[in-house]
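Chemist: sequence and predicted model, in that order:
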Amino acid sequence: MKKPIITFARWGNYTIAFKTLFEQLGLEVIPPEKTNSQTIAEGAKIAPEMYCFPMKVTLGNYLPALKKGANTIFMVQNVGGSCRQRYYGAIQEKVLKETGHDINFLDFRAAPKDIYSAIKKISNASFWQIIKAGRFFFKKLRLIEKIEKVAQYYRPREIEKGMTDKILTESFSKLEELKKEKDFPKLKREIFKKLSEIKIEENKDLPKVALVGEIYTVCDPTINFEVESKLGREGVEVHREMDITYHLKKLIFPWKDWIIQKKINPYLKSTVGGHGRDAIYEMLHYIKEDFDGIIHLLPFQCMPEVTVRPILEKIHRESGIPFLSISLDEQTAEAGIDTRLEAFIDVVRNYHQSKKSKI
């Protein structure tokens, strides 16, 4: 077997953590380039027509790295349920080989035993090396999520506009460059110190909007046209529960699914795959927490999210909370998204003010 040169699908800022994982295992890595319109177009060109948007984007992510010499693709898939994502690995391998790419495809499955076996197979690393690499991976992953959550609070309150995003860019760049786990605590302190120095209006009264929907489109700012940042810059505080840690908690603690199903029973009594049930559960939670708007992000043709969208619309009608559903695919234009966001922000502000006037 020839020496593996790894690439993988880009996934927002999480890409930093995945790159670290493979590097710590002693593997040569060609990370995916930042997703752009060309990436998406190239992926859509070779993807099966009826498959959903993430399939096309991730296919497009591989192509530049394969041209640079990558010969092994690591694919996160088969996470259970009835979402078509669990077939991505098999279909992407077939498509890429049919288009002339000589590759080895490794599936990264949800079960810990399968994760360990896949890593061991590709790296031949020792047990302790895998444990150390995994620990460093999760440290970076959790820090990425924490930084993003701090930014959600600071961005709409910052006095000097753009400072939060500037520090975020610098922080993620330094985090990507960090090679030694022993230096991690120092960098973490530096990042949070810089964030804490951002001058903000702490008592500013702001409308709050939650993002719900499919995990890939919710978490990757390139895919959703930086909805989170745009709302923040317009003075809207953004929250989202859906991230990798949330998903891992559901895998580790199975009773979380039972709690979700119990809460959404009046609206849906069965699973629909993907993160469909989570979107309903989260929307009900955010309404209870007195939020001012809900944005539902989903890939075009994502069956779980399309199935629950009428339910979310029903909850919107019952509660009166502003609701916007944004379906994303290769035809989606940023200008159109921006126009819809601007209109939605006006509705959210009016809704927030009307609640205040009733107090």
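Modeler: Received the coordinates, thanks. Numbering: from 1, shown residues only.
Chemist: where does the stretch 251-359 of the chain have low pLDDT?
Modeler: 359 (pLDDT under 70).
Chemist: which residues in it form strands?
Modeler: 293-299, 323-328 (DSSP state E, counting those that start in this stretch).
Chemist: nearest to residue 2, out of those?
Modeler: Among the strands of the stretch 251-359 of the chain, the nearest to residue 2 by Cβ to Cβ is strand 293-299 (34.3 Å). Just so you know, the C-beta spots here come from the backbone N, C-alpha and C atoms, and that holds for glycine as well.
Chemist: which residues touch the closest one?
Modeler: 52-54, 207-214, 216-218, 224, 227, 236, 279, 283, 286-287, 305-306, 309, 312, 316, 321-329, 344, 347-348, 351 (Cβ atoms under 8 Å, 6 or more residues apart in numbering).
Chemist: same question for stretch 141-153, mean pLDDT?
Modeler: For stretch 141-153, mean pLDDT is 97.
Chemist: list the buried ones in that stretch?
Modeler: Judged by neighbour count (16 or more other Cβ atoms under 10 Å), stretch 141-153 contains these buried residues: 141, 143, 144, 145, 147, 148, 150, 151, 152, 153.
Chemist: dump the residues you listed into JSON lines; add secondary structure and distance to residue 178 as well.
Modeler: Below are these laid out as JSON lines (DSSP: H, G, I helix; E, B strand; the rest coil; distance: Cβ to Cβ, whole Å):
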{"residue": "141", "secondary structure": "helix", "distance to residue 178": "13"}
{"residue": "143", "secondary structure": "helix", "distance to residue 178": "10"}
{"residue": "144", "secondary structure": "helix", "distance to residue 178": "12"}
{"residue": "145", "secondary structure": "helix", "distance to residue 178": "16"}
{"residue": "147", "secondary structure": "helix", "distance to residue 178": "13"}
{"residue": "148", "secondary structure": "helix", "distance to residue 178": "17"}
{"residue": "150", "secondary structure": "helix", "distance to residue 178": "18"}
{"residue": "151", "secondary structure": "helix", "distance to residue 178": "19"}
{"residue": "152", "secondary structure": "helix", "distance to residue 178": "23"}
{"residue": "153", "secondary structure": "helix", "distance to residue 178": "24"}
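Chemist: contacting residues around the residue nearest the centre of the chain?
Modeler: Closest to where the C-alpha atoms of the chain average out (Cα atoms, centre = their mean) is residue 219, at 2.2 Å. Going by Cβ under 8 Å, 6+ apart, residue 219 touches 11, 12, 14, 240, 242, 243, 244.
Chemist: okay, now the second one: neighbour count?
Modeler: Residue 12 is flanked by 19 other residues according to other Cβ atoms under 10 Å.
Chemist: same check on the fourth one?
Modeler: Using other Cβ under 10 Å, residue 240 is surrounded by 23 other residues.
Chemist: deepest of the strands of the stretch 251-359 of the chain, which one?
Modeler: strand 293-299 (a mean of 26; mean count of other Cβ atoms under 10 Å).
Chemist: just want the angle from that strand to strand 323-328.
Modeler: Strand 293-299 and strand 323-328 meet at an angle of 20 degrees, taking axes from the mean of the first three to the mean of the last three Cα atoms, to 10 degrees as the criterion.
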